[in-house]
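K.L.:
Provide a 3D model corresponding to the input given below.
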Amino acid sequence: MRNNMKRNTRIKLIALFTAIVLWMYVMAVVDPEDTKLFENVPVTVTNTDELQGDDLVVYPQSDLVTDIYITGKLSDLQKISEEDIHISGSINNPIEGQNYLYLKVNTTKQLSYEFKTDFIVVKLEKLIHKEVDINPDIVGEYKYDVDTVTLLQSTVNISAPRVLVEQVDHIKATIDVNTKENNKLTQRVKLVPVNAKGDEVSGVNLEVKNISAEVTFLEEKKVPINIQLENNSEDVTAYEVNPSTITIKGKKDDLEKITYINTSKIDSKTIGSSKTVDLVIPKDVTSDEKSVVIKSKDQESSVQRLIYKKDELELVNNSKNVNINDLNIPDNINVEVQLDNNTSLSKSDISLYIDLDANNDEEKEYTIKYKSNITFKNIKIIPSVINK
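P.N.:
This next block holds a predicted model:
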């Protein structure tokens, strides 16, 4: 049994060796033919100069590729790779729209080829040249302070397939004004073709891609606020405004004409303790402030004065029947009253008195006091104290 196994192994080895020898013979002497498929091989258009002369371009842009069968001796096929295959084609009588690109390949005489298809359908678009307006697009912190923008040129020539040129609405020049050290700013800006929505249209060629832009900023001026009351006869000096001045921005000539900014007209009865009032900003200028706060002014001229005679004082707790003429009281007593509103007062609203029990014999003076149903912001009695 063991000898038979050894004998079979020897036979197998002989058979394998014989097969190898035969294969080497076939490869070295016979060298059979075979066919190999190469996929997605790049294709070159040979008559691009003719297309450019007719202002035609391939659109949409895409990689032109094809599949090819190469047939030849097995030994030759083993030496060839995709980089060795050069496929080209030309478009005969090119027109705008669909065209046929007929294919050919450069190969050695020992190899033959066959395409899966002998042509590729290629779409050509007319190359359009057009002059398009450049529109500045101002961005940044000081965009609302810009007065004028001067571009080195107002239009630029573009070229692209017809379908792309028809999408271009204008050329956008984005100007960034995040700094404003001086009244002028010069910078180099990029030009971008955009559609009506402001989105970039890719694939468009521009004659120039960057231009210079000069930005001039608005002038600034600080002016006072002028209060306008509906009743023109009222004294506006009885009111104060906060802020009392604002900064306006505009062209120099426009600013020179403005010396103050008015408030909108307001009924003084609606002011109360304070009221927010809109400003009337002229159309040729701007301001960050849109409104101000008006309130009554705390001033001496708004204090009401009442004059009392000596006999208008009341003596309270007069157990000793003191006669008012026996007291060292002046003929006139002044009372100055300040209220939170513009209410008018009369002497009937305030009564003056002296509390005799509040003073003992050792004290050398009497205090004049008052009674009233009205709450005062401030009250002053002159004199407030009298000597015995």
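
K.L.:
so Thr155 touches Asn135, yeah?
P.N.:
No. Using C-beta atoms under 8 Å as the test, Thr155 is too far from Asn135 to be in contact (10.5 Å). The way it works is simple: take the backbone N, C-alpha and C, and place the C-beta from them, glycine included.

K.L.:
Now do the phi/psi pair for the residue most central in space within the chain.
P.N.:
What sits nearest the mean C-alpha location of the chain, by C-alpha atoms, centre = their mean, is Val139, with 6.1 Å. Main-chain dihedrals, Val139, degrees, to the nearest 10: phi -130, psi 160.

K.L.:
Pairing partners for it in the sheet, please.
P.N.:
In this entry, Val139 is beta-bridged to Asp176, by DSSP bridges.

K.L.:
Glu214 versus that one, what's the distance?
P.N.:
Here Val139 is placed at a distance of 17 Å from Glu214 (C-beta to C-beta, to the nearest Å).

K.L.:
With Asn135 instead?
P.N.:
Noted for Asn135: a distance of 16 Å to Glu214, by C-beta to C-beta.

K.L.:
how about the strands in the stretch 151-300 of the chain?
P.N.:
Taking DSSP state E, counting those that start in this stretch, the strands of the stretch 151-300 of the chain run over residues 155-161, 170-176, 184-194, 205-206, 210-217, 219-226, 239-242, 245-250, 261-263, 275-280, 285-287, 291-296.

K.L.:
want to try JSON lines for the ones you listed, with mean neighbour count, distance to Val43 and mean pLDDT as columns?
P.N.:
Putting those into JSON lines (neighbours: other C-beta atoms under 10 Å; distance: least, C-beta to C-beta, whole Å; pLDDT from 0 to 100) gives the following:
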{"stretch": "strand 155-161", "mean neighbour count": "19", "distance to Val43": "20", "mean pLDDT": "96"}
{"stretch": "strand 170-176", "mean neighbour count": "18", "distance to Val43": "35", "mean pLDDT": "96"}
{"stretch": "strand 184-194", "mean neighbour count": "16", "distance to Val43": "30", "mean pLDDT": "94"}
{"stretch": "strand 205-206", "mean neighbour count": "15", "distance to Val43": "24", "mean pLDDT": "96"}
{"stretch": "strand 210-217", "mean neighbour count": "16", "distance to Val43": "36", "mean pLDDT": "95"}
{"stretch": "strand 219-226", "mean neighbour count": "15", "distance to Val43": "64", "mean pLDDT": "92"}
{"stretch": "strand 239-242", "mean neighbour count": "16", "distance to Val43": "78", "mean pLDDT": "88"}
{"stretch": "strand 245-250", "mean neighbour count": "18", "distance to Val43": "62", "mean pLDDT": "93"}
{"stretch": "strand 261-263", "mean neighbour count": "17", "distance to Val43": "73", "mean pLDDT": "94"}
{"stretch": "strand 275-280", "mean neighbour count": "14", "distance to Val43": "71", "mean pLDDT": "94"}
{"stretch": "strand 285-287", "mean neighbour count": "17", "distance to Val43": "61", "mean pLDDT": "92"}
{"stretch": "strand 291-296", "mean neighbour count": "16", "distance to Val43": "71", "mean pLDDT": "89"}
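
K.L.:
on that earlier part again, test my guess that the residue nearest to the centre of the chain contacts Ala173.
P.N.:
No. Look at Val139 against Ala173 with C-beta under 8 Å: they stay out of range, at 11.1 Å.

K.L.:
Verify the stated contact: Thr286 with Val146.
P.N.:
No. Thr286 lies out of contact with Val146 (C-beta under 8 Å); the separation is 11.2 Å.

K.L.:
which neighbours do those two share?
P.N.:
Residues touching both Thr286 and Val146 (C-beta atoms under 8 Å, 6 or more residues apart in numbering): Leu218.

K.L.:
what about Gln110, how many neighbours?
P.N.:
Around Gln110 there are 13 other residues, counting by other C-beta atoms under 10 Å.

K.L.:
now Asn106
P.N.:
If we define neighbours as other C-beta under 10 Å, then Asn106 has 10 of them.

K.L.:
Now do the same contact list for it.
P.N.:
Asn106 neighbours (C-beta under 8 Å, 6+ apart): His86, Ser88.

K.L.:
Distance check, it against Lys126.
P.N.:
32 Å.
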